[in-house]
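Visitor: After the sequence you'll find the predicted model.
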Amino acid sequence: MLTFDDSDTTGSSSSANDDGNETSKRVKVADKRLINCSTVDVNQLMPLKYKWAWEHYLNGCANNWLPTEVPMGKDIELWKSDRLSNDERRVIMRNLGFFSTAESLVGNNISLAIFKHVTNPECRQFLLRQAFEEAVHNHTFHYIVESLSLDQGEVFNMYNEVNSIHAKDSFEMKLTEEILKPNFTTESPEGAQKFLENLIGYYVIMEGIFFYSGFVMILSFHRQNKMTGIGEQFQYILRDESIHLNFGIDLINTIKAENPGLWTEEFQAHIVDKIRQAVELEYNYAVDCLPRGILGLTAPMFRDYVQYIADRRLERIGLKPQYGSKNPFPWMSETIDLGKEKNFFETRVTEYQTAGALNW
(Lines give C-alpha, C1' and ligand atoms only; values in the text may rest on other atoms or scores of the structure.)
Protein backbone atom coordinates (compact mmCIF):
# COMPACT_ATOMS: atom_id res chain seq x y z
CA MET A 1 0.00 0.00 0.00
CA LEU A 2 1.34 3.42 -0.95
CA THR A 3 2.26 5.71 1.93
CA PHE A 4 3.96 9.05 2.10
CA ASP A 5 4.29 9.08 5.88
CA ASP A 6 7.79 9.78 7.20
CA SER A 7 6.85 8.69 10.72
CA ASP A 8 8.94 5.52 10.40
CA THR A 9 12.05 7.70 10.69
CA THR A 10 13.22 9.37 13.84
CA GLY A 11 13.80 12.76 12.28
CA SER A 12 16.54 15.11 13.40
CA SER A 13 17.87 14.39 16.85
CA SER A 14 17.90 17.18 19.41
CA SER A 15 20.23 17.83 22.30
CA ALA A 16 20.53 20.68 24.78
CA ASN A 17 23.46 23.04 24.44
CA ASP A 18 25.63 24.26 27.33
CA ASP A 19 23.16 26.81 28.69
CA GLY A 20 20.16 24.52 28.20
CA ASN A 21 18.11 27.22 26.51
CA GLU A 22 18.35 26.01 22.91
CA THR A 23 18.44 22.75 21.03
CA SER A 24 20.54 21.77 18.03
CA LYS A 25 19.33 19.43 15.34
CA ARG A 26 21.49 16.84 13.65
CA VAL A 27 20.56 15.44 10.26
CA LYS A 28 20.31 11.67 10.09
CA VAL A 29 21.20 10.27 6.68
CA ALA A 30 18.40 7.71 6.81
CA ASP A 31 15.83 10.48 7.20
CA LYS A 32 16.62 12.08 3.87
CA ARG A 33 14.12 11.44 1.06
CA LEU A 34 13.91 12.66 -2.51
CA ILE A 35 10.31 13.86 -2.31
CA ASN A 36 7.88 14.56 0.54
CA CYS A 37 10.53 14.83 3.25
CA SER A 38 9.46 17.02 6.15
CA THR A 39 11.86 15.74 8.81
CA VAL A 40 15.15 17.00 7.41
CA ASP A 41 16.05 20.61 6.60
CA VAL A 42 16.50 20.79 2.84
CA ASN A 43 19.25 23.37 3.35
CA GLN A 44 21.54 20.93 5.20
CA LEU A 45 23.73 19.33 2.56
CA MET A 46 25.88 17.14 4.78
CA PRO A 47 25.93 14.28 5.51
CA LEU A 48 25.29 13.05 1.97
CA LYS A 49 22.83 10.22 1.45
CA TYR A 50 22.62 10.12 -2.34
CA LYS A 51 26.30 10.05 -3.25
CA TRP A 52 25.38 9.47 -6.91
CA ALA A 53 23.87 12.97 -7.00
CA TRP A 54 27.09 14.51 -5.73
CA GLU A 55 29.12 12.46 -8.22
CA HIS A 56 27.00 13.75 -11.10
CA TYR A 57 27.44 17.30 -9.77
CA LEU A 58 31.24 16.93 -9.69
CA ASN A 59 31.24 15.41 -13.19
CA GLY A 60 29.32 18.42 -14.45
CA CYS A 61 31.81 20.81 -12.83
CA ALA A 62 34.68 18.94 -14.50
CA ASN A 63 33.06 19.46 -17.90
CA ASN A 64 32.78 23.22 -17.44
CA TRP A 65 32.90 25.12 -20.74
CA LEU A 66 31.61 28.13 -22.65
CA PRO A 67 30.75 28.32 -26.37
CA THR A 68 32.96 31.36 -26.89
CA GLU A 69 35.99 29.12 -26.25
CA VAL A 70 35.31 27.47 -29.63
CA PRO A 71 36.45 29.33 -32.78
CA MET A 72 33.84 29.68 -35.53
CA GLY A 73 36.02 31.02 -38.35
CA LYS A 74 35.93 27.88 -40.51
CA ASP A 75 32.18 27.50 -39.99
CA ILE A 76 31.56 31.09 -41.08
CA GLU A 77 33.70 30.63 -44.19
CA LEU A 78 31.91 27.39 -45.14
CA TRP A 79 28.43 28.80 -44.44
CA LYS A 80 29.07 31.81 -46.66
CA SER A 81 30.42 29.62 -49.47
CA ASP A 82 28.53 27.53 -52.01
CA ARG A 83 30.00 24.27 -50.69
CA LEU A 84 26.95 23.38 -48.57
CA SER A 85 23.82 22.07 -50.29
CA ASN A 86 20.36 23.35 -49.48
CA ASP A 87 19.58 20.03 -47.79
CA GLU A 88 22.67 20.36 -45.59
CA ARG A 89 21.69 23.88 -44.64
CA ARG A 90 18.17 22.66 -43.84
CA VAL A 91 19.54 20.08 -41.38
CA ILE A 92 21.63 22.67 -39.58
CA MET A 93 18.82 25.22 -39.41
CA ARG A 94 16.23 22.69 -38.22
CA ASN A 95 18.51 21.52 -35.43
CA LEU A 96 19.34 25.02 -34.30
CA GLY A 97 15.61 25.76 -34.32
CA PHE A 98 14.74 22.75 -32.18
CA PHE A 99 17.58 22.97 -29.66
CA SER A 100 17.27 26.72 -29.13
CA THR A 101 13.81 26.20 -27.63
CA ALA A 102 14.22 22.74 -26.15
CA GLU A 103 17.07 23.82 -23.87
CA SER A 104 14.88 26.65 -22.56
CA LEU A 105 12.06 24.21 -21.83
CA VAL A 106 14.43 21.97 -19.88
CA GLY A 107 15.81 24.92 -17.90
CA ASN A 108 12.33 26.22 -17.10
CA ASN A 109 11.20 22.77 -15.99
CA ILE A 110 14.15 22.48 -13.61
CA SER A 111 13.71 25.95 -12.13
CA LEU A 112 9.93 26.15 -11.99
CA ALA A 113 8.80 22.53 -11.55
CA ILE A 114 11.42 20.03 -10.42
CA PHE A 115 13.45 22.09 -7.95
CA LYS A 116 10.41 22.96 -5.83
CA HIS A 117 9.37 19.37 -5.26
CA VAL A 118 12.74 17.65 -4.76
CA THR A 119 13.32 17.76 -1.00
CA ASN A 120 16.96 16.64 -0.99
CA PRO A 121 19.86 19.12 -0.89
CA GLU A 122 22.46 17.12 -2.84
CA CYS A 123 19.97 16.61 -5.67
CA ARG A 124 19.12 20.30 -5.57
CA GLN A 125 22.83 21.04 -5.82
CA PHE A 126 22.94 19.10 -9.09
CA LEU A 127 19.77 20.79 -10.34
CA LEU A 128 21.36 24.19 -9.79
CA ARG A 129 24.37 23.09 -11.80
CA GLN A 130 22.16 21.66 -14.55
CA ALA A 131 20.14 24.87 -14.78
CA PHE A 132 23.39 26.76 -15.37
CA GLU A 133 24.40 24.27 -18.06
CA GLU A 134 21.06 24.76 -19.82
CA ALA A 135 21.81 28.49 -19.83
CA VAL A 136 25.21 27.73 -21.39
CA HIS A 137 23.48 25.64 -24.07
CA ASN A 138 21.13 28.53 -24.83
CA HIS A 139 24.20 30.78 -25.01
CA THR A 140 25.67 28.31 -27.50
CA PHE A 141 22.81 28.60 -29.96
CA HIS A 142 22.83 32.38 -29.67
CA TYR A 143 26.60 32.32 -30.34
CA ILE A 144 26.16 30.10 -33.41
CA VAL A 145 23.29 32.15 -34.83
CA GLU A 146 25.19 35.39 -34.27
CA SER A 147 28.45 33.99 -35.70
CA LEU A 148 26.77 32.78 -38.91
CA SER A 149 24.66 35.96 -39.20
CA LEU A 150 21.48 33.90 -39.33
CA ASP A 151 17.98 35.32 -39.07
CA GLN A 152 17.44 35.22 -35.30
CA GLY A 153 13.67 35.41 -35.58
CA GLU A 154 13.60 32.47 -37.98
CA VAL A 155 15.71 30.22 -35.75
CA PHE A 156 14.24 31.06 -32.37
CA ASN A 157 10.63 31.00 -33.59
CA MET A 158 10.80 27.62 -35.37
CA TYR A 159 8.98 25.95 -32.50
CA ASN A 160 5.92 27.94 -33.56
CA GLU A 161 6.35 27.61 -37.32
CA VAL A 162 7.77 24.12 -37.98
CA ASN A 163 5.26 21.36 -37.23
CA SER A 164 7.76 18.63 -36.34
CA ILE A 165 9.46 20.90 -33.78
CA HIS A 166 6.19 22.26 -32.44
CA ALA A 167 4.86 18.73 -31.87
CA LYS A 168 7.85 17.73 -29.74
CA ASP A 169 7.79 20.92 -27.70
CA SER A 170 4.03 20.67 -27.13
CA PHE A 171 4.45 17.08 -25.96
CA GLU A 172 6.91 18.25 -23.30
CA MET A 173 5.03 21.36 -22.23
CA LYS A 174 1.94 19.27 -21.55
CA LEU A 175 3.97 17.25 -19.02
CA THR A 176 4.79 20.44 -17.11
CA GLU A 177 1.33 21.99 -17.27
CA GLU A 178 -0.15 20.24 -14.21
CA ILE A 179 2.98 20.60 -12.06
CA LEU A 180 3.10 24.37 -12.56
CA LYS A 181 -0.36 24.87 -11.06
CA PRO A 182 -0.16 26.66 -7.67
CA ASN A 183 -1.98 23.90 -5.79
CA PHE A 184 0.05 21.00 -7.21
CA THR A 185 1.58 18.68 -4.62
CA THR A 186 3.44 15.38 -4.65
CA GLU A 187 1.92 14.34 -1.32
CA SER A 188 -0.86 12.34 -2.97
CA PRO A 189 -0.14 9.19 -5.00
CA GLU A 190 -1.61 10.86 -8.08
CA GLY A 191 0.57 13.93 -7.63
CA ALA A 192 3.71 11.87 -7.06
CA GLN A 193 3.01 9.83 -10.19
CA LYS A 194 2.51 13.04 -12.18
CA PHE A 195 5.86 14.31 -10.92
CA LEU A 196 7.53 11.02 -11.83
CA GLU A 197 5.97 11.26 -15.30
CA ASN A 198 7.46 14.74 -15.65
CA LEU A 199 10.93 13.48 -14.69
CA ILE A 200 10.69 10.65 -17.22
CA GLY A 201 9.34 13.06 -19.83
CA TYR A 202 12.25 15.46 -19.52
CA TYR A 203 15.21 13.27 -18.58
CA VAL A 204 14.39 10.06 -20.45
CA ILE A 205 12.39 11.46 -23.39
CA MET A 206 13.58 15.04 -23.98
CA GLU A 207 17.25 14.67 -23.05
CA GLY A 208 17.50 10.94 -23.69
CA ILE A 209 15.54 10.56 -26.96
CA PHE A 210 14.52 13.88 -28.54
CA PHE A 211 18.06 15.28 -28.54
CA TYR A 212 19.75 12.31 -30.17
CA SER A 213 18.66 12.59 -33.81
CA GLY A 214 20.02 16.13 -33.76
CA PHE A 215 23.29 14.99 -32.24
CA VAL A 216 23.73 12.38 -34.99
CA MET A 217 23.01 14.90 -37.73
CA ILE A 218 25.32 17.65 -36.51
CA LEU A 219 28.12 15.28 -35.53
CA SER A 220 27.90 13.70 -38.99
CA PHE A 221 28.97 17.08 -40.36
CA HIS A 222 31.80 17.15 -37.83
CA ARG A 223 32.99 13.67 -38.85
CA GLN A 224 33.36 14.93 -42.42
CA ASN A 225 35.26 18.03 -41.29
CA LYS A 226 32.31 20.32 -41.99
CA MET A 227 30.97 22.93 -39.53
CA THR A 228 33.59 21.81 -37.03
CA GLY A 229 32.98 24.67 -34.60
CA ILE A 230 29.31 23.76 -34.24
CA GLY A 231 30.30 20.10 -34.04
CA GLU A 232 32.74 20.74 -31.20
CA GLN A 233 30.13 22.66 -29.25
CA PHE A 234 27.65 19.83 -29.76
CA GLN A 235 30.24 17.41 -28.37
CA TYR A 236 30.42 19.49 -25.20
CA ILE A 237 26.61 19.60 -25.03
CA LEU A 238 26.49 15.85 -25.55
CA ARG A 239 28.78 15.32 -22.57
CA ASP A 240 26.54 17.53 -20.45
CA GLU A 241 23.47 15.65 -21.61
CA SER A 242 25.00 12.27 -20.77
CA ILE A 243 25.41 13.48 -17.17
CA HIS A 244 21.88 14.92 -17.09
CA LEU A 245 20.42 11.67 -18.40
CA ASN A 246 22.27 9.55 -15.86
CA PHE A 247 21.31 11.83 -12.98
CA GLY A 248 17.69 11.75 -14.09
CA ILE A 249 17.65 7.96 -14.29
CA ASP A 250 19.16 7.68 -10.81
CA LEU A 251 16.60 10.18 -9.51
CA ILE A 252 13.70 8.30 -11.13
CA ASN A 253 14.85 4.88 -9.96
CA THR A 254 15.46 6.05 -6.39
CA ILE A 255 12.04 7.70 -6.15
CA LYS A 256 10.58 4.40 -7.39
CA ALA A 257 12.52 2.50 -4.70
CA GLU A 258 11.44 4.86 -1.93
CA ASN A 259 7.81 4.90 -3.10
CA PRO A 260 7.16 1.43 -4.58
CA GLY A 261 3.42 1.99 -4.66
CA LEU A 262 3.86 4.51 -7.47
CA TRP A 263 5.24 2.00 -9.97
CA THR A 264 1.98 0.21 -10.72
CA GLU A 265 1.43 -1.89 -13.83
CA GLU A 266 -1.01 0.70 -15.09
CA PHE A 267 1.52 3.51 -14.63
CA GLN A 268 4.26 1.46 -16.31
CA ALA A 269 2.00 0.92 -19.32
CA HIS A 270 1.30 4.66 -19.39
CA ILE A 271 5.03 5.42 -19.46
CA VAL A 272 5.68 2.91 -22.22
CA ASP A 273 2.91 4.53 -24.24
CA LYS A 274 4.46 7.98 -23.72
CA ILE A 275 7.85 6.73 -24.90
CA ARG A 276 6.30 5.09 -27.95
CA GLN A 277 4.60 8.41 -28.78
CA ALA A 278 7.94 10.16 -28.38
CA VAL A 279 9.64 7.74 -30.78
CA GLU A 280 7.11 8.59 -33.49
CA LEU A 281 7.51 12.33 -32.89
CA GLU A 282 11.28 12.03 -33.14
CA TYR A 283 11.07 9.96 -36.30
CA ASN A 284 8.74 12.56 -37.87
CA TYR A 285 11.28 15.22 -36.96
CA ALA A 286 14.04 13.22 -38.69
CA VAL A 287 11.89 12.89 -41.81
CA ASP A 288 11.35 16.65 -41.80
CA CYS A 289 15.07 17.34 -41.41
CA LEU A 290 16.04 14.81 -44.10
CA PRO A 291 13.56 14.83 -46.99
CA ARG A 292 16.48 13.48 -49.05
CA GLY A 293 19.58 11.67 -47.80
CA ILE A 294 22.76 13.59 -47.01
CA LEU A 295 26.11 12.69 -45.42
CA GLY A 296 25.23 9.00 -45.55
CA LEU A 297 22.08 9.65 -43.51
CA THR A 298 18.52 8.80 -44.51
CA ALA A 299 15.28 9.26 -42.60
CA PRO A 300 14.54 5.49 -42.38
CA MET A 301 17.86 4.98 -40.59
CA PHE A 302 16.56 7.20 -37.81
CA ARG A 303 13.58 4.97 -37.11
CA ASP A 304 15.98 2.18 -36.17
CA TYR A 305 18.19 4.58 -34.23
CA VAL A 306 15.41 6.21 -32.23
CA GLN A 307 13.90 2.80 -31.46
CA TYR A 308 17.30 1.52 -30.39
CA ILE A 309 17.95 4.33 -27.93
CA ALA A 310 14.33 4.16 -26.68
CA ASP A 311 14.89 0.50 -25.78
CA ARG A 312 18.05 1.42 -23.88
CA ARG A 313 16.19 4.14 -21.95
CA LEU A 314 13.31 1.77 -21.12
CA GLU A 315 15.75 -0.79 -19.74
CA ARG A 316 17.45 1.81 -17.56
CA ILE A 317 14.18 2.54 -15.72
CA GLY A 318 13.22 -1.12 -15.38
CA LEU A 319 10.85 -1.49 -18.34
CA LYS A 320 10.98 -4.02 -21.16
CA PRO A 321 12.40 -3.04 -24.56
CA GLN A 322 9.70 -2.50 -27.16
CA TYR A 323 11.48 -2.62 -30.52
CA GLY A 324 14.61 -4.75 -30.71
CA SER A 325 16.15 -2.46 -33.33
CA LYS A 326 19.88 -2.32 -34.00
CA ASN A 327 22.00 0.81 -33.82
CA PRO A 328 22.70 2.08 -37.37
CA PHE A 329 25.20 4.62 -36.00
CA PRO A 330 27.67 2.64 -33.85
CA TRP A 331 30.14 5.51 -34.13
CA MET A 332 27.87 7.56 -31.86
CA SER A 333 28.88 5.50 -28.83
CA GLU A 334 32.51 6.37 -29.46
CA THR A 335 31.65 10.02 -29.98
CA ILE A 336 29.66 10.16 -26.77
CA ASP A 337 32.36 8.46 -24.77
CA LEU A 338 35.13 10.59 -26.31
CA GLY A 339 37.58 7.71 -26.19
CA LYS A 340 36.64 6.48 -22.73
CA GLU A 341 36.49 2.74 -22.17
CA LYS A 342 32.83 2.65 -21.09
CA ASN A 343 29.90 2.44 -23.51
CA PHE A 344 27.38 5.21 -22.91
CA PHE A 345 24.38 3.03 -23.69
CA GLU A 346 25.39 0.45 -21.06
CA THR A 347 26.75 2.47 -18.15
CA ARG A 348 27.19 5.99 -16.92
CA VAL A 349 30.15 8.10 -17.84
CA THR A 350 32.38 8.75 -14.82
CA GLU A 351 35.51 10.33 -16.25
CA TYR A 352 35.46 13.94 -17.36
CA GLN A 353 38.01 16.67 -17.89
CA THR A 354 37.72 20.41 -17.79
CA ALA A 355 37.02 21.96 -21.16
CA GLY A 356 40.47 23.52 -21.40
CA ALA A 357 42.11 20.11 -21.07
CA LEU A 358 40.03 18.33 -23.70
CA ASN A 359 41.80 17.14 -26.82
CA TRP A 360 39.38 16.50 -29.67
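Guide: Ah, there it is. Residues are numbered from 1 along each chain as shown.

Visitor: Now I294: phi and psi?
Guide: I294 adopts backbone torsions of phi -140, psi 150, taken as degrees, to the nearest 10.

Visitor: Now for it: which residues touch it?
Guide: I294 sits next to 85, 87-88, 91 when contact means CB atoms under 8 Å, 6 or more residues apart in numbering. (Glycine included, C-beta is placed from N, CA and C.)

Visitor: Could you check how far it is from K74?
Guide: The gap separating I294 from K74 is 19 Å, by CB to CB, to the nearest Å.

Visitor: In the stretch 251-360 of the chain, where is pLDDT below threshold?
Guide: 335-360 (pLDDT under 70).

Visitor: Neighbours of Q277, how many?
Guide: 13 (other CB atoms under 10 Å).

Visitor: Correction: the previous question concerned D250.
Guide: Look at D250: counted by other CB under 10 Å, it has 21 neighbours.

Visitor: Ramachandran angles for it?
Guide: Main-chain torsions, D250, degrees, to the nearest 10: phi -60, psi -40.

Visitor: hang on, the earlier thing: got JSON lines for the contacts of I294, with distance to I205 and pLDDT too?
Guide: Shown next, in JSON lines, are the contacts of I294 (distance: CB to CB, whole Å; pLDDT from 0 to 100):
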{"residue": "S85", "distance to I205": "31", "pLDDT": "96"}
{"residue": "D87", "distance to I205": "27", "pLDDT": "97"}
{"residue": "E88", "distance to I205": "28", "pLDDT": "97"}
{"residue": "V91", "distance to I205": "22", "pLDDT": "97"}
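
Visitor: Using PyMOL, make a named selection holding only the buried ones among these.
Guide: In PyMOL syntax, the buried subset of these is picked out as below (16 or more other CB atoms under 10 Å):
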select buried, resi 88+91
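
Visitor: show me where the stretch 201-350 of the chain has helices.
Guide: 211-223, 228-258, 265-289, 299-316, 331-337 (DSSP state H, counting those that start in this stretch).

Visitor: Let's have those in CSV, adding distance to N108.
Guide: CSV is the format used below for these (distance: least, CB to CB, whole Å):
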stretch, distance to N108
helix 211-223, 16
helix 228-258, 15
helix 265-289, 19
helix 299-316, 22
helix 331-337, 26
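
Visitor: so which of the ones you listed comes closest to A192?
Guide: Distance to A192, taken as CB to CB, is lowest for helix 228-258 among the helices of the stretch 201-350 of the chain, at 7.9 Å.

Visitor: Figure out how far the closest one is from the centre of its chain.
Guide: Centroid separation for helix 228-258 versus its chain: 5 Å, with CA atoms, centre = their mean, to the nearest Å.

Visitor: And L297, how close does it get to Y283?
Guide: Between L297 and Y283 the computed distance is 13 Å (CB to CB).

Visitor: ok so, going back, determine which two of the contacts of I294 are furthest apart.
Guide: The span of those, defined through CB to CB, is set by S85 and V91 at 9.6 Å.

Visitor: what is the rounded mean pLDDT of stretch 49-69?
Guide: Stretch 49-69 shows a mean pLDDT of 93.

Visitor: residue closest to the middle of the chain?
Guide: For the chain, the residue nearest the mean C-alpha position is E207 (3.3 Å; CA atoms, centre = their mean).

Visitor: count of residues packed around the closest residue to L290 other than its chain neighbours?
Guide: In this structure, L290 finds its nearest non-sequential neighbour in A299, 4.7 Å apart by CB to CB, 6 or more residues apart in numbering. A299: 18 surrounding residues under other CB under 10 Å.

Visitor: ok so, going back, can you lay out the contacts of I294 as a markdown table showing secondary structure and distance to K168?
Guide: Putting those into a markdown table (DSSP: H, G, I helix; E, B strand; the rest coil; distance: CB to CB, whole Å) gives the following:
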| residue | secondary structure | distance to K168 |
| --- | --- | --- |
| S85 | coil | 25 |
| D87 | helix | 21 |
| E88 | helix | 22 |
| V91 | helix | 16 |
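
Visitor: Name the nearest of the contacts of I294 relative to Y50.
Guide: V91 (39.5 Å).

Visitor: ok, that closest one touching M217?
Guide: Yes. If you go by CB atoms under 8 Å, V91 and M217 touch, sitting 5.2 Å apart.
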